[in-house]
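1. My questions are about this predicted structure, shown below with the sequence.
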Amino acid sequence: MKIRIGQGIDFHRLEKGLDLWLGGINVPSDKGCIAHSDGDVLLHAVCDSLLGAAGLRDIGYYFPDNDPTLKGIDSKIILEKTYALVKEKGFRVENIDCTLCLEKPKIAPFVPEMKNIISGILKTDIENISVKATTTEKLGFTGREEGVIALAVALLMSE
Ligand SMILES: [Zn+2]
């Protein structure tokens with residue numbers, strides 16, 4: 001049996017008046033992510049962690065931001081397609097741990113549903129998905145509410 005670890009990181013700029021999609025949920029906020037897709041920074045980091053663990057390329061390679069068919073795409077679909085690539089390589093997810101860095105809004109109330117959505121797409125137990133959030137103590141671009149960062153680590157097992 002093979003065990004593979006992978007990491008993913010994603011950044012998006014925030015702008016007033018856009019929807020804020022995080023972990024598959026439209027989180028109430030006065031700002032949202034600027035992106036070609038729905039800008040779900042958390043799901044994008046998860047995708048890159050899975051791709052990295054499977055020894056594949058990055059999310060931008062499979063889902064380029066200049067592809068008109070991907071305009072405004074729901075990142076849950078991107079995650080589903082990403083996981084199909086991982087499964088093709090003979091792996092399944094063991095667990096995923098992610099962290100969101102943003103000043104606001106508070107993410108804690110939405111975490112159970114985010115875990116539910118991610119575990120549903122990856123067909124794994126909800127206990128295998130961890131979503132954490134932190135501020136950067138008002139430091140840097142996240143602290144100034146100009147952007148959001150998401151980090152993810154994935155562990156894969158060969159089937
Ligand atoms: Zn992204």
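-> Alright, I've got the coordinates.
2. Just list the residues touching residue 99, thanks.
-> Going by Cβ atoms under 8 Å, 6 or more residues apart in numbering, residue 99 touches 132-134, 150-152. Where you see a C-beta, it was placed from the backbone N, CA and C, and this is true even at glycine.
3. now stretch 72-81: mean pLDDT?
-> Mean per-residue pLDDT for stretch 72-81: 97.
4. what kind of secondary structure is the residue in the chain positioned nearest to the ion in?
-> Of all residues in the chain, residue 44 sits closest to the ion, at 3.4 Å by Cβ to the ion. The assignment at residue 44 comes out as helix when based on DSSP: H, G, I helix; E, B strand; the rest coil.
5. cool, and the one 5 residues further on?
-> Reduced to three states with three-state DSSP, the structure at residue 49 is helix.
6. That one reaches residue 155, doesn't it?
-> No - using Cβ atoms under 8 Å, residue 49 is not in contact with residue 155, being 9.1 Å away.
7. My guess is residue 71 contacts residue 36. True?
-> Yes - counting by Cβ under 8 Å, residue 36 is a contact partner of residue 71 at 6.2 Å.
8. more crowded one of those two?
-> Neighbour totals were compared for residue 71 and residue 36, and residue 36 leads with 16 against 11 (other Cβ atoms under 10 Å).
9. Check which helix or strand the closest residue to residue 135 other than its chain neighbours maps to.
-> Closest residue to residue 135 apart from its sequence neighbours, by Cβ to Cβ, 6 or more residues apart in numbering: residue 103 at 5.2 Å. Under the criterion of DSSP states H and E, residue 103 resides outside all helices and strands.
10. Residue 103 and residue 6: what is the separation?
-> In this view, residue 103 and residue 6 are 28 Å apart by Cβ to Cβ, to the nearest Å.
11. who touches the residue most central in space within the chain in this structure?
-> Nearest residue to the geometric centre of the chain (Cα atoms, centre = their mean): residue 43, 1.9 Å. Residue 43 makes contact with 21, 23-24, 75-76, 78-79, 118 under the criterion Cβ under 8 Å, 6+ apart.
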